[in-house]
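**Student:** Give me a 3D structure for the following:
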Amino acid sequence: GCIPIVENSYKYYDRLFPGNPFIKVDKWSEAKPIIKEWDSKQIKQKKKDCEIWWNNYKTNLQETVKNKISS
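**Tutor:** Predicted structure coming up:
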């Protein structure tokens, strides 16, 4: 149920987890102002987005591994 906040140097998390809904900052000092601006509706929506994305990512990864093994 967490909302990942990542320091996205060199677009690392975009390359590692394409299409992720993480909150990305260039410097950690940018994170606090972003979070302070959000209301509970925005937080709930981002949490939902992360949960849906993560479940889809795991399902797709399982299918990829299963297909590689069965080939």
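**Student:** avg pLDDT for whichever helix or strand residue 42 is part of?
**Tutor:** Counting by DSSP states H and E, the element that carries residue 42 is helix 40-70. Per-residue pLDDT over helix 40-70 has a mean of 96.
**Student:** List phi and psi for the residue most central in space within the chain.
**Tutor:** With distances taken as CA atoms, centre = their mean, residue 22 lies nearest the centre of the chain, 3.4 Å away. Backbone geometry at residue 22, expressed as degrees, to the nearest 10, gives phi -60, psi 160.
**Student:** Show the contacting residues for it.
**Tutor:** Contact partners of residue 22, counting by CB atoms under 8 Å, 6 or more residues apart in numbering, are 3, 4, 5, 6, 8, 13, 50. In short, each C-beta sits where N, CA and C put it, glycine included.
**Student:** Give the burial count for the nearest residue to it once chain neighbours are set aside, as a bare number.
**Tutor:** Closest residue in space to residue 22, ignoring its immediate chain neighbours: residue 4 at 4.3 Å, by CB to CB, 6 or more residues apart in numbering. Using other CB atoms under 10 Å, residue 4 has 14 neighbouring residues.
**Student:** give me every residue that touches residue 4.
**Tutor:** Neighbours of residue 4 in contact, by CB under 8 Å, 6+ apart: 20, 22, 23, 50.
**Student:** How about residue 23?
**Tutor:** 3, 4, 5, 6, 31, 34, 35, 46 are the contacts of residue 23 under CB under 8 Å, 6+ apart.
**Student:** mind listing which of those are in strands?
**Tutor:** 5, 6 (DSSP state E).
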